Structures are given as structure tokens and as C-alpha cells.
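>>> Predicted model, plus sequence, below.
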Amino acid sequence: MQHPLTSDTAAVRLGEELPYKDLELFLRRNIENLPNDILEVQQFPAGHSNLTYQLKVGKWTAVLRRPPHGPVAPKAHDMEREYKIISSLQPFFSPAPKPILFSNDQSIIGSSFFLMERKRGLVIDGTFPKGIEPTPEINRQISEIMVSKLAELHAIPYQQTSLLEISKPEGFMERQVHGWIKRYERVKTDENPAVVPLATWLSANIPKRHEFAVIHYDYKLNNMMFNEDFTSMEGLFDWEMATIGDPLADLGVALGYWIGKSDPTIIQNGPGRSVTMLDGFLDRSEFIDLYARKSGRDVTHINFYLAFAFFKLAGICQQIYYRYKLGQTDDPRFASLNEYVNSLMIHGLSIIEEEL
């Protein structure tokens, strides 16, 4: 059954407006054959990190990505890096948006930014788009597409891309584990008895052998766009964390966002709440088994990667909560993130206890 496409943009949030005049002047200097119509801007409301806008001038449309306002973590929100990633991967992976241009001129909108193509389709963000009734068949179909595209991404011949210029595959998991433990400690606001045993176990159990692949590292439903009948993935966005790394770490991150019916209530209802608890969606075990068949990879030690994914997600949320606590953002969505962080740590610890 075909569904009409629903709007995935909204009015720009207060305090996150773009300077229309300077931006429009920039566009007219850099975009050929731009229509004479006025610039219209809307915002993509999903996500807690980088800010993403739709730009429209007559029939011309594009998407603008910029960092969040206020201080940001070191090396985070690197617009030039993300632009290089999609530029390198788009020829190999059609869901990656086509790049248009990158600008490091801070005088235009107050930060670096880049433009990319505006893809059209359906985005699932916590719920299905209005007017669409999910069925178990559709949910199964979405699950299988997601697994297939993840395996396809991991099969890209990364040596033929330019990602090696901005990636360091060797020692990837060691840097990830130790790095995220340090990042969490820098922004810690609450005491949680699960953190030390979880961090200690992860440090002591880093897998010794890895494969390397192109990884997205933020692979979740609201970073994807599907066609009208959910038979194909039209877009995959938010490439800021992509690199050459361990593909099972990418699988772990995907599974961390893949909320199940047996997960604690606070995780089910958290900011990453997901439709994946609905009938028809694969459960985590089915997702893992299908990925193993599609990719041919050994997933024996996936519990390590899943436990680390919960620790990493907790670290990301803690960074956001820390900014909120310091008054660097007043977004009300962030007010209770500390409780969510604590639950993620506890859940990660419960996973490794299965290994002990």
C-alpha cells in the first residue's frame, strides 16, 4: 500500500534561528542558477546533537548542517569531516546524501556548516508518521532492510575511499573504550554504582582481533529515510561519527538503539524511545542472527559490543546533560537525561553479568 509522504520539518526552534540575510547572500554567491524567490528555512526537529535545516528557494532545496550552539566537546561536531565522509561514501552507498558544499566562514551563520541534497521519504522518529498504520509485515520489512543495509555498508571496499585519510583503524576499540570512559568522567554529574564495574570489565575484555569496515556508528531509525511503502531505504544521515572501525561496534550501537519489550521502562520511554517494540520488528537476537547471515561475520562476542554501546550512549547523553546542567542549553528535553544515563549504565552492567 502506498502512503502520501508526510512533512518531516517544522518551524525553527527559538534560539536556533539562522541569519537569513547573510545566508541568502552566501547562497546567491555560491549556488548556480538559484531562483529569485526568497529563502525559506525550516528545521528537522529530530536529534539532540547537530542542528539540521531545510533551505528552500523556489524549487531549489538543500539541507544545512551546523554544530549546536554553545561550547562543544573537543573534536565533536566537525562539519568538514562529516562533509568529507559523505563525499567519499556517496558513490558506493546510495542512501548517503550527495554533498553540495562546505563552508568554514564563521561570519555567515556563526559556525562552519555544509549543504547536502534534500532527500524525500518517510522518517520514523519515536512513532510512525501521521496517517501511517504500521503492520507486523511492514515492521518486519523495515527490520530486514536495516540489517541488509548495515551489512552492505560494512562490505564497502574502504580502501577505495578517502576515509583512511581521516581514520585510524588500528587500535580502534581500545581508543573507543578508554576514550569514552574518560569522556564520561569529564562530564560526570551523578554517582552511579554500575559505572566502575562496567568500565573495568570493558577495559579488561576488549577483543584482541578485529575486522575493519566503514561504520556509521549512529545507525538508528530516526537517522534513516524510507520510501512510501517501506520497501527501500532512501536516505541515511548524521554521518559525523562514521569512520573505519570494527563493524561489530557498529552493530552494537544499532542494537543499543533497538529497544526491546524486556528492556527497563525508563529505557523504553527515554529520549531514544523506539517503535521497535511493536509486533513484527526483529528482536535483538533475530537482528544479530540475520546480520551474521548477511555479513558472514562471527558474532560470538556481541555482548561486549552491546554492553559498550550502552556505555557509549550513556556517555553521549551525559555530555548533553552536562551542557544542560551548566546552562549552556535550556532545551527541556534534556532535563531528566541524567536518569536515563543511570539506567543505561545499569543495563550495560546487566549484559556483562551474563558473561561472568
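Perfect, thanks for sending it. Numbers count the residues shown, from 1 in each chain.

>>> what stretches of the protein score poorly on pLDDT?
1-7, 46-48, 70-77, 272-273, 355-356 (pLDDT under 70).

>>> mind running it again at 90?
1-10, 44-50, 68-78, 125-127, 130-131, 208-210, 260-274, 323-338, 353-356 (pLDDT under 90).

>>> quick one, helices of it?
Secondary structure of the chain (DSSP state H): helices at 20-30, 79-89, 106-109, 136-154, 172-186, 195-204, 247-257, 265-268, 284-295, 302-325, 337-353.

>>> I'd like these as a markdown table, with mean neighbour count appended.
To be clear about C-beta, it is placed using only N, CA and C from the backbone, and glycine gets the same treatment. Output for these, formatted as a markdown table (neighbours: other Cβ atoms under 10 Å):
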| stretch | mean neighbour count |
| --- | --- |
| helix 20-30 | 14 |
| helix 79-89 | 21 |
| helix 106-109 | 14 |
| helix 136-154 | 19 |
| helix 172-186 | 16 |
| helix 195-204 | 17 |
| helix 247-257 | 24 |
| helix 265-268 | 15 |
| helix 284-295 | 18 |
| helix 302-325 | 23 |
| helix 337-353 | 21 |
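
>>> quick one: contacts for the spatially most central residue of the chain?
Centroid-nearest residue in the chain, with Cα atoms, centre = their mean: Asp218, separated by 3.2 Å. Asp218 is in contact with Asp238, Trp239, Glu240, Met241, Ala242, Val253, counting by Cβ atoms under 8 Å, 6 or more residues apart in numbering.

>>> Likewise for Arg66?
Contacts of Arg66 (Cβ under 8 Å, 6+ apart): Asn50, Leu51, Tyr53, Met79, Ile109, Ser111, Ser112, Phe113.

>>> any idea how far it is from Asn338?
Distance, Arg66 to Asn338, using Cβ to Cβ, to the nearest Å: 27 Å.

>>> Verify the stated contact: Ile352 with Tyr305.
No - counting by Cβ atoms under 8 Å, Ile352 stays clear of Tyr305, with 11.2 Å between them.

>>> so who does Gln90 touch?
Ala96, Pro97, Lys98, Pro99.

>>> How many neighbouring residues does the residue nearest to Asn104 when sequence neighbours are not counted have?
Nearest non-adjacent residue to Asn104, counting by Cβ to Cβ, 6 or more residues apart in numbering: Ser112, 4.6 Å away. Burial of Ser112 is recorded as 19 neighbouring residues (other Cβ atoms under 10 Å).

>>> For Asn50, list the residues it contacts.
Contact partners of Asn50, counting by Cβ under 8 Å, 6+ apart, are Arg65, Arg66, Pro67, Pro68, His77, Asp238, Glu240.

>>> What subset of those is buried?
Buried members of these, scored by 16 or more other Cβ atoms under 10 Å, are Arg65, Arg66, Pro67, Pro68, His77, Asp238, Glu240.

>>> ok, so of these, who is nearest Lys84?
Lowest distance from Lys84 to the buried ones among the contacts of Asn50 (Cβ to Cβ) belongs to Glu240, with 11.0 Å.

>>> Might one say that that closest one is in contact with Glu82?
Yes - Glu240 is within contact range of Glu82, at 4.6 Å (criterion: Cβ under 8 Å).

>>> re earlier: in TSV, list the helices of the chain along with distance to Thr161.
TSV is the format used below for the helices of the chain (distance: least, Cβ to Cβ, whole Å):
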stretch	distance to Thr161
helix 20-30	26
helix 79-89	4
helix 106-109	29
helix 136-154	12
helix 172-186	16
helix 195-204	29
helix 247-257	15
helix 265-268	35
helix 284-295	18
helix 302-325	23
helix 337-353	32
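
>>> nearest to Pro129, of these?
Between the helices of the chain, helix 136-154 lies closest to Pro129; by Cβ to Cβ that is 12.1 Å.

>>> buried ones in stretch 126-136?
Using 16+ other Cβ under 10 Å as the test for burial, stretch 126-136 gives Phe128, Pro129, Ile132, Pro134.

>>> Straight-line length of that stretch, end to end?
End-to-end span of stretch 126-136 (Cα to Cα, to the nearest Å): 17 Å.

>>> one step back: make JSON lines out of the contacts of Gln90 and add distance to Asp22 and neighbour count.
Output for these, formatted as JSON lines (distance: Cβ to Cβ, whole Å; neighbours: other Cβ atoms under 10 Å):
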{"residue": "Ala96", "distance to Asp22": "29", "neighbour count": "24"}
{"residue": "Pro97", "distance to Asp22": "24", "neighbour count": "23"}
{"residue": "Lys98", "distance to Asp22": "25", "neighbour count": "14"}
{"residue": "Pro99", "distance to Asp22": "22", "neighbour count": "19"}
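
>>> Looking at those, spot the one nearest Arg297.
Nearest to Arg297 among the contacts of Gln90: Ala96, at 21.9 Å, using Cβ to Cβ.

>>> Surely that closest one is in contact with Leu236?
Yes - shown here, Ala96 and Leu236 form a contact pair, counting by Cβ under 8 Å, at 6.1 Å.

>>> I appreciate the help and will end here.
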